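Novice: How does the following fold in three dimensions:
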Amino acid sequence: MQTQILGLLTPMMALLFAATFAVFWKLGKMKRHVLGFALGYVAFATGFLVTHFLPGDAFYTFHTTQLFYTIGVTFFLGSLCERVGQRLHLPTIAVIYGITALVLGLALNFTDNASPALVLVNIGYGAMYMVGLTTLLSAQRRHISDYAILFLVAFSGADFFIRPSLTVMFETTIPAGEYQQSLYYSLIGLVLGVKSIMGAMILLGATIFELTSALREDSKMDPLTNLHNRASFEQSMLTMLPRAQSEGRPLSLVVADIDHFKQVNDIWGHQAGDLAITGFGRIINDMVRGCDVPGRVGGEEFCIAVWNCENLPAERLAERIRQAFAHLKHPGLNDDIRLTASFGVATAREGENYESLFARADESLYLAKSSGRNRVENAERLVQDHATQGNGDEPKAQRAEPRAQEDATLDQNAELVALKRAASNG
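Specialist: Have a look, this model is predicted:
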């Protein structure tokens, strides 16, 4: 009975922590890594409930549990890495999962003893935590919460390596059908409960620190979009650019401008224009990471400082935002109207200052505008094109070819705008 109660108490605590992080993310308007913490706890709880309720001797029980635990570990480590501007190497996590799943299947087919399977899957989780720890160690640490998180990840990884081996030493054979009545099952319930509480306290502390810091930063935010205002964005760039150069990390700048925005204000009114700006800001906020700095630097002008990001991934980010905005419906506009935006991308060069970086990105934006709008131009690619043109090639002409579907949409929008203006004049 005590084992049954303990088996339910641990996942219930995990779900409570998941709900807490979800509330922080939603009501506090926090970055998506906080939502990742919530999803990680949901996956952990699901994995433990699967073990608790499915028959211990069923071949699929251990595989299902391993899948949900791996999802939880991935959410957890990926969110921690994103929080500090790093990327968890997901292919390595996938390889570790694949190898342990394969070996687990072989072990369960050859013996009814669950001990080897338990050791194998836990070593796999420990290896995943070591991948996350290595990534986190390469990030800059600014607050005590960063060191607490490093301790949490290191402790969790060590636990997965040490605990199963020690337990199996005392309980050498664990029949799969009796797994839920084993010493190991009771111990794992206790350890996971303690780790859940400890981890939640550390992560909640870090999240509350982030929230209070964000509240202090409210004066630096644009109220319409919840992005940084111009002064705050430029100040952030003056800090980020030297840091990126001293640490040898790439820093890319995306500049954007909503196309034909003056017509929106003239025809549908400034309230509709404000709603369009709000929608664009929401898309940007949803697509950037916690370490990136997005800002509204003018009426319909936006910038994104993309931390630790090479040129081509920054260009792909701009393209995703462009496509999302081109399909967004806007309150106050005709249902068939879709607004578009143009983008310029540049990546900081060695020793380059903010004014020079912005000028190159802005030049690319101007090219996007003059080439038909609703497109992304890349300053680094322009340099390559100039070099290629010197050899007699003409790649820029290929890039300037019209996008038939988007041009048709623009033509339709222009026709509807003309009809709207005529109706207003009538």
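Novice: Who are the packing partners of the longest helix along the chain?
Specialist: Secondary structure of the chain read by DSSP state H shows that its longest helix is helix 183-216. Under the contact criterion of 3 or more Cβ pairs under 8 Å, 6 or more residues apart in numbering; DSSP states H and E, helix 183-216 touches helix 2-27, helix 32-53, helix 144-170. Every C-beta, even on glycine, is put in place using the N, C-alpha and C of the backbone.
Novice: Can you give me the buried ones in the helix or strand following it?
Specialist: On the C-terminal side of helix 183-216, the closest following helix or strand by DSSP states H and E is helix 230-247. Burial within helix 230-247, assessed by neighbour count using 16 or more other Cβ atoms under 10 Å, is assigned to 232-234, 236-237, 240-241, 244-245.
Novice: any chance of the residues you listed in JSON lines, plus distance to residue 305 and pLDDT?
Specialist: Formatted as JSON lines, the buried residues of helix 230-247 follow (distance: Cβ to Cβ, whole Å; pLDDT from 0 to 100):
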{"residue": "232", "distance to residue 305": "11", "pLDDT": "91"}
{"residue": "233", "distance to residue 305": "7", "pLDDT": "94"}
{"residue": "234", "distance to residue 305": "10", "pLDDT": "93"}
{"residue": "236", "distance to residue 305": "6", "pLDDT": "92"}
{"residue": "237", "distance to residue 305": "6", "pLDDT": "94"}
{"residue": "240", "distance to residue 305": "6", "pLDDT": "93"}
{"residue": "241", "distance to residue 305": "8", "pLDDT": "94"}
{"residue": "244", "distance to residue 305": "9", "pLDDT": "93"}
{"residue": "245", "distance to residue 305": "13", "pLDDT": "92"}
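Novice: Secondary structure of residue 257: a strand, I assume?
Specialist: Yes: under DSSP: H, G, I helix; E, B strand; the rest coil, residue 257 falls within a strand.
Novice: dump the residue contacts of it.
Specialist: Residue 257 makes contact with 300-302, 341-342, 365, 369, according to Cβ atoms under 8 Å, 6 or more residues apart in numbering.
Novice: coming back round to it: name the nearest of the buried residues of helix 230-247 relative to residue 120.
Specialist: Closest approach between these and residue 120, by Cβ to Cβ: residue 244, at 41.2 Å.
Novice: What distance do you get for that closest one to residue 348?
Specialist: Distance, residue 244 to residue 348, by Cβ to Cβ, to the nearest Å: 7 Å.
Novice: so what sits against both of these two?
Specialist: By Cβ under 8 Å, 6+ apart, residue 244 and residue 348 have these common neighbours: 250-251.
Novice: Now do stretch 296-303, average pLDDT.
Specialist: Averaging pLDDT along stretch 296-303 gives 93.
Novice: Next up, the contacts around residue 68.
Specialist: Contact analysis of residue 68 by Cβ under 8 Å, 6+ apart lists 43-44, 46-47, 50.
Novice: quick one: which of the residues you listed is most hemmed in?
Specialist: The most neighbours of any of the contacts of residue 68, using other Cβ atoms under 10 Å, belong to residue 44, which has 28 neighbours.
Novice: these two touch, right, it and residue 15?
Specialist: No: if you go by Cβ atoms under 8 Å, residue 44 and residue 15 don't touch, sitting 9.2 Å apart.
Novice: check contacts around residue 229.
Specialist: 220-222, 295-297.
Novice: Could you rerun that using 10 Å?
Specialist: Residues in contact with residue 229, defined by Cβ atoms under 10 Å, 6 or more residues apart in numbering, are 219-223, 235, 295-297.
Novice: Just put the residues you listed in a markdown table and tack on distance to residue 281.
Specialist: Formatted as a markdown table, the contacts of residue 229 follow (distance: Cβ to Cβ, whole Å):
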| residue | distance to residue 281 |
| --- | --- |
| 219 | 17 |
| 220 | 15 |
| 221 | 10 |
| 222 | 7 |
| 223 | 10 |
| 235 | 19 |
| 295 | 10 |
| 296 | 6 |
| 297 | 12 |
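Novice: Name the SS class of residue 339, please.
Specialist: For residue 339, the assignment made with three-state DSSP gives coil.
Novice: Ignoring the adjacent residues along the chain, who's closest to residue 324?
Specialist: By the measure of Cβ to Cβ, 6 or more residues apart in numbering, the closest residue to residue 324 outside its immediate chain neighbours is residue 283, 4.9 Å from it.
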